[in-house]
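A.B. asks: build me a model from this:
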Amino acid sequence: MSNFLRITDVMKKTGIAKSTIWLWVSENRFPKPIKLSPRITVWEEDKVNEWMSKLR
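C.D. replies: Below you'll find the predicted structure:
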């Protein structure tokens, strides 16, 4: 089972700015997040890791 990452964790892990992450999500260039509640959005760490490994 994957851990969940909040936007700040995703930014630290990838080195990508928040606005760029959201732009790339909208362009299907970054994994889609999961909405846990109206104010909480998370990413599955496994999917972020997989995305990062494909960049190499």
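A.B. asks: pLDDT score for R56?
C.D. replies: On pLDDT, R56 comes in at 77.
A.B. asks: tell me the contacts of it?
C.D. replies: By C-beta atoms under 8 Å, 6 or more residues apart in numbering, R56 lies in contact with nothing. The C-beta positions use only the backbone N, C-alpha and C, and glycine is treated the same way.
A.B. asks: how near is it to E50?
C.D. replies: 12 Å (C-beta to C-beta, to the nearest Å).
A.B. asks: what ranges do the helices span in the chain?
C.D. replies: 7-14, 18-26, 45-54 (DSSP state H).
A.B. asks: to L36, which of these lies closest?
C.D. replies: helix 7-14 (12.4 Å; C-beta to C-beta).
A.B. asks: measure how the closest one sits relative to helix 45-54, angle-wise.
C.D. replies: Comparing the axes of helix 7-14 and helix 45-54 via axes from the mean of the first three to the mean of the last three C-alpha atoms, to 10 degrees yields an angle of 30 degrees.
A.B. asks: quick check, central residue of the protein?
C.D. replies: W43 (4.7 Å; C-alpha atoms, centre = their mean).
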